[in-house]
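Q: Sequence first, predicted coordinates after that:
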Amino acid sequence: MLLMKDRTDPEMLPVLDFLKSVGFDVDLSDIDASRVQLGGVFEAMAEGAPPIEGVDITVEEAPHADGSFNVPMRIYRAIGNTETLPVIYWIHGGGYVLNSAEGDDAYAANLVLALDCVVVSVDYRLAPEHPFPAPMEDCYTGLKWMYDSAEKLGIDTSRIVIAGQSAGGGLAAGLAQMARDRNEVPVIHQFLYYPMIDDRNINRIENAEHDHYIWSSHSNYYGWKAYLGMEPGTDATPQYAAPLRTEDLAGLPPAYILTGDIDLFMAEDLAYATRLIQAGVPTEVHVYPGGVHAFDILGATTALAQRCNADLFSAYKRVLHGG
C-alpha cells in the first residue's frame with residue numbers, strides 16, 4: 001500500500017512541511033491546548049496576508065426564539081454596492097470544536113468580490129462546551145434571521161445558498177435537512193466542502209502509518225465525541241447531527257460536493273452524494289486526486305487548488321446568477 005505522502009499532490013508537500021514547521025498540529029485529545037496552539041498559528045499566518053480591501057464587514061446578532069442566546073453574525077458586502085444580491089450563508093469548519101467566523105474573513109471577502117454576492121457567516125457555539133443541538137440550532141437561527149432581515153441586508157430571498165467547509169460542511173448538510181423539514185426558509189443549493197457527516201467513520205480508524213494529513217482519525221474521534229456529547233458511532237446519534245444517517249433525503253436542495261481522494265471524509269462524502277442522487281436530488285461531485293483535507297484553502301497557490309476553485313466558483317456563478 002502506498003503511504004499518504006506518496007499519494008499526495010507534490011505541490012502540497014512543501015505546504016504540509018511549512019504547516020508542520022509553524023506548529024500546525026491538531027490533537028483534540030486536549031481541545032483547549034489545540035485552540036491556543038492553532039490560534040497562534042493562524043495569527044502568524046494572517047500577519048503576512050494582504051489586508052482585506054473593497055469589502056465592508058459588519059456584525060449583527062440573531063436572537064434565538066426563546067431568548068437563550070444571541071448568535072453573532074458577520075455580514076460581508078462589497079463597499080458601495082447597494083443592489084439586492086444573492087447570498088451565501090457560510091458555516092466555518094473546525095471539527096465542531098475549533099475556529100470562528102472571523103477566521104474566515106478573507107475567504108468570505110473573496111467570495112463577495114468574485115461572485116457579486118453577499119456573504120453571511122454564522123459564529124455558532126462550539127463543542128464540547130455546547131454540544132449538539134446547540135451548534136445546529138445556532139446555524140438555523142442565523143439562517144432564519146437572515147431570511148427575515150432580507151430587506152435590511154439587501155439580499156434576494158429567492159437566491160439563498162448554504163455552504164460550509166469540513167465540520168461546517170456537515171452543519172450545512174444538516175441545515176439543509178432542517179430547512180427542508182421546517183419549511184420556513186427556501187434554500188436553492190448547498191455547497192459542501194469535504195463535509196464531516198458520519199460519526200460512524202470512527203469505526204474505520206486506520207493504521208497511524210497510513211493516516212490522513214490535517215485531520216486524522218484520532219482528531220475525528222474526539223471531534224465527534226465532543227459534538228455529540230457522547231460516544232460516537234452508536235445508534236443513539238440524533239437526527240441532523242450526522243447527515244449521512246438521515247433516511248429520507250428526498251426534496252433537499254441540489255448539492256455540490258468536493259473532496260480530495262486522500263481526505264479522511266472521502267468515502268462518507270461519496271456515499272452521501274450517491275444517496276442524494278438516488279433520492280432524486282441533483283448532485284455534482286468532484287474528487288481531486290492527491291487532495292488532502294482543506295487542500296483548496298491551505299494550498300491555495302497549487303495548481304490542484306486553483307483547478308478546484310475554478311470548478312467551484314463556476315458552479316457558484318451558475319447557481320447565483322444563472323450564468
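A: Received, thanks.

Q: tell me the mean pLDDT for the biggest helix by length in the chain?
A: When the chain is parsed with DSSP state H, its longest helix is helix 303-321. Averaged over helix 303-321, pLDDT sits at 98.

Q: gap between the residue nearest to the spatial centre of the chain and D181?
A: By CA atoms, centre = their mean, the mean C-alpha position of the chain lies nearest to Q165, the distance being 2.0 Å. As judged by CB to CB, to the nearest Å, Q165 and D181 stand 24 Å apart. C-beta here means a position set from N, CA and C on the backbone, and glycine is covered the same way.

Q: now do A315
A: Distance check for A315 against D181: by CB to CB, it reads 25 Å.

Q: Next: L258.
A: 25 Å.

Q: In terms of packing, which of those two has more residues around it?
A: More crowded of L258 and D181, by other CB atoms under 10 Å: L258, with 26 against 14.

Q: Check N110 and give its pLDDT.
A: 96.

Q: What of T141?
A: So, for T141, pLDDT stands at 98.

Q: chain center to the helix or strand hosting it, what's the gap?
A: Secondary structure from DSSP states H and E places T141 in helix 134-148. The chain centroid and the centroid of helix 134-148 are separated by 15 Å, computed with CA atoms, centre = their mean, to the nearest Å.

Q: repeat for stretch 281-289
A: 16 Å.

Q: Quick check: buried residues in it?
A: V281, T283, E284, V285, H286, Y288 (16 or more other CB atoms under 10 Å).

Q: now, the most widely separated pair of those residues?
A: Spanning the widest gap among these are V281 and Y288, at 22.0 Å by CB to CB.

Q: hmm, back to that, hmm, who's touching the longest helix of the chain?
A: With CB atoms under 8 Å, 6 or more residues apart in numbering as the test, helix 303-321 has contacts from 9, 11-12, 86, 88, 111, 114-117, 159, 161, 188-189, 191, 254, 256, 258, 284, 286, 288, 290-291, 295-297, 299-300, 323.

Q: I'd like to know which of the residues you listed are buried.
A: 9, 12, 86, 88, 111, 115, 117, 159, 161, 189, 191, 254, 256, 258, 284, 286, 288, 290-291, 295-297, 299.

Q: Strands - which of those residues land there?
A: Among the buried ones among the contacts of helix 303-321, the subset assigned to strands under DSSP state E consists of P86, I88, R159, V161, H189, F191, Y256, L258, E284, H286, Y288.

Q: Chain neighbours aside, what residue packs nearest to the third one?
A: It refers to R159. P86 (3.5 Å; CB to CB, 6 or more residues apart in numbering).

Q: May I have the residues that are in contact with the one you found?
A: For P86, the contact set (CB under 8 Å, 6+ apart) comprises C117, V118, I155, D156, R159, I160, V161, L320, H321.

Q: what's across from I162 in the sheet?
A: I162 has these beta-bridge partners by DSSP bridges: Y89, Q190.

Q: Is it correct that it is in contact with V185?
A: No: the criterion here is CB atoms under 8 Å, and I162 misses it with V185 at 9.3 Å.

Q: any common contacting residues for those two?
A: L143, A179.
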